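Q: Got a predicted structure here, sequence first:
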Protein chains: 2
Amino acid sequence: MVRWQPGAFERLRSAALELFEETGYEQATVAGIAARAGVTERTFYRYFADKREVLFAGGEDLQRLMADAVAAAPHTDDAARLVAVALDALATAFPDELRAHARRRGAVVKSQPALLEREMLKLESLKATLSTALAKHGVAPVRAAVAAESAVGVFHVSFARWVADGEERSMAELQQEALEELRAVVMWV
Amino acid sequence: MVRWQPGAFERLRSAALELFEETGYEQATVAGIAARAGVTERTFYRYFADKREVLFAGGEDLQRLMADAVAAAPHTDDAARLVAVALDALATAFPDELRAHARRRGAVVKSQPALLEREMLKLESLKATLSTALAKHGVAPVRAAVAAESAVGVFHVSFARWVADGEERSMAELQQEALEELRAVVMWV
DNA sequence: GTCTATAGTGCGATAGAC
DNA sequence: GTCTATCGCACTATAGAC
């Protein structure tokens, strides 16, 4: 008998999502997830820092994608231009093929404050990354910070709409629209 | 001998903050906090949903303050004007007398991702409240959502600066400055 | 106020890949 | 042989149920 099959990481992710959908997040135990994936509880914790993290693994990729795009942007301290670059990069991470899976995952996350909490921490981390990337282009700290807050805010609102029932427009399109709404708000001041 | 002294809630809050400062958040146990406050562990959980929450109690007051201010604002669907009302209301909750305490608390929160996570959830809740309040004034949903994201972003950045070492300006002043930076970013598009 | 499930950690043993 | 993924077990503390 083999001690391990390859792909424990992916098996754990699928097992967790399925089990959360079947029994609810709180009812599902780490032992149950591990059993379904054919590993022990201890192995789960080798891959994921805690029970929630199994739904958020891969978030670093998103950050790197965005940070790299901003770093590679033409040199400018025009924060608005850099924000547009960041949003374009983020949009590429959410092609239509991923929408169905994102909806399943989103439904679970929405059902549980503890998971929403983790999602907000990931967004905060994204803000920090963007703010730093803007600052590296010479954007002043406070301006970089508020630009990052608003940009990630636009992303957040757009992502929520992207996974909403019946929505078919692309992330890029929804972000564009949200950005125009932001402009309208700020212009009025 | 008295079975309990009044003010368990406040004693628990103080005991927790002190113990977190002395031993670090993770080392401190709920039993230890309860003992220092002269109550049992069970009593701690009567007042606070979990160990983290002891540092965030009172967040609902902030939401109510803001929601009431926006609700009482002159009828308009001008999101920018309503955002200004919301920010003004928030600023009143952070007078200079509270800064020293906010710094102590902030230092603990910053030291622990689990606490930062909870802070972000509170801010998300603030966003939701503001978005709803704007919508009640007739602001369109998407516009209300991005306006709330940016407004709470401005608040977040300003609060971080308000508690920063050596900072002496008021919340109102810092928010004003952050708002101007946001304007500058969005205007440039 | 007591009792219990389970999340999460530390450490050592072991099986398989190379 | 080395290296690393997995496992087993003992343990604490949180948090909820009764």
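A: Sure thing, it's come through. Residues are numbered from 1 along each chain as shown, chains lettered A, B, ... in the order given.

Q: rest of the way, CA atoms for contacts and neighbours
A: OK.

Q: Determine the longest helix present in chain A.
A: helix A:113-136 (DSSP state H).

Q: any idea how far the closest residue to residue A:144 other than its chain neighbours is from residue A:142?
A: Leaving aside its chain neighbours, residue A:144 sits nearest to residue A:131 (5.0 Å; criterion: C-alpha to C-alpha, 6 or more residues apart in numbering or on different chains). Distance check for residue A:131 against residue A:142: by C-alpha to C-alpha, to the nearest Å, it reads 9 Å.

Q: just residue A:88 next, same as before
A: 23 Å.

Q: quick one, which of these two is more surrounded?
A: Between residue A:88 and residue A:142, counted using other C-alpha atoms under 10 Å in any protein chain shown, the more crowded position is residue A:142 (20 against 17).

Q: Can you list the low-confidence ranges for chain A?
A: Low-confidence segments of chain A (pLDDT under 70): A:1-6, A:188-189.

Q: Nearest spatial neighbour of the residue most central in space within chain A, chain-adjacent residues omitted?
A: In chain A, the residue lying closest to the centroid (C-alpha atoms, centre = their mean) is residue A:59, at 5.5 Å. Excluding its sequence neighbours, the residue lying closest to residue A:59 (C-alpha to C-alpha, 6+ apart) is residue A:122, at 7.2 Å.

Q: The one you found is in contact with residue A:57, isn't it?
A: No: the criterion here is C-alpha atoms under 8 Å, and residue A:122 misses it with residue A:57 at 10.3 Å.

Q: of the two, who's got more company?
A: Remark: of residue A:122 and residue A:57, residue A:122 carries more neighbours, 18 against 14, as counted by other C-alpha under 10 Å.

Q: count of neighbours near residue A:167?
A: So residue A:167, with other C-alpha under 10 Å, has 11 neighbours.

Q: With the one 10 residues further on instead?
A: Here the count is done by other C-alpha under 10 Å, and residue A:177 has 16 residues near it.

Q: SS state for it?
A: helix (DSSP: H, G, I helix; E, B strand; the rest coil).

Q: Distance-wise, check residue A:55 relative to DNA strand C.
A: Distance, residue A:55 to DNA strand C, by C-alpha to the nearest atom of the strand, to the nearest Å: 12 Å.

Q: give the contact list for that residue.
A: With contacts defined as C-alpha atoms under 8 Å, 6 or more residues apart in numbering or on different chains, the neighbours of residue A:55 are A:13, A:16, A:17, A:105.

Q: most neighbours, which of those residues?
A: residue A:16 (25 neighbours).

Q: contacts for the host helix or strand of residue A:160?
A: Using DSSP states H and E, residue A:160 maps to helix A:141-162. With contact meaning C-alpha under 8 Å, 6+ apart, helix A:141-162 is reached by A:79-80, A:83, A:87, A:90, A:99, A:123, A:126-128, A:130-132, A:134-135, A:167-171, A:174-175, A:178-179, B:142, B:145-146, B:149-150, B:153-154, B:157, B:178, B:181-182, B:185.

Q: how about stretch A:16-31: buried residues?
A: The neighbour-count check on stretch A:16-31 (16 or more other C-alpha atoms under 10 Å in any protein chain shown) flags A:16, A:17, A:18, A:19, A:20, A:25, A:28, A:29, A:30 as buried.

Q: Ramachandran coordinates for residue A:139?
A: Backbone torsions for residue A:139, taken as degrees, to the nearest 10, come to phi -70, psi 130.

Q: and the residue nearest to it when sequence neighbours are not counted, which of the three is it?
A: Distances taken as C-alpha to C-alpha, 6+ apart place residue A:77 nearest to residue A:139, at 5.1 Å, with adjacent residues excluded. Here residue A:77 is coil, with the state taken from three-state DSSP.

Q: shouldn't residue A:77 be in contact with residue A:71?
A: No: with contact defined as C-alpha under 8 Å, residue A:77 does not count as touching residue A:71 (11.8 Å).

Q: helices and strands around whichever strand or helix holds residue A:67, which ones?
A: Following DSSP H and E, one finds residue A:67 within helix A:59-72. Helices and strands touching helix A:59-72, by 3 or more C-alpha pairs under 8 Å, 6 or more residues apart in numbering or on different chains; DSSP states H and E, are helix A:79-92, helix A:113-136.

Q: For residue A:121, give its distance to DNA strand C.
A: Between residue A:121 and DNA strand C the distance is 15 Å, computed by C-alpha to the nearest atom of the strand.

Q: To what extent is residue A:186 buried, counted in neighbours?
A: With other C-alpha under 10 Å as criterion, residue A:186 counts 22.

Q: measure it to residue B:182 for me?
A: As judged by C-alpha to C-alpha, residue A:186 and residue B:182 stand 8 Å apart.

Q: what's the answer for residue A:108, then?
A: In terms of C-alpha to C-alpha, residue A:108 sits 34 Å off from residue B:182.

Q: more crowded one of these two?
A: Using other C-alpha under 10 Å as the criterion, residue A:108 and residue B:182 rank with residue B:182 on top: 27 against 18.
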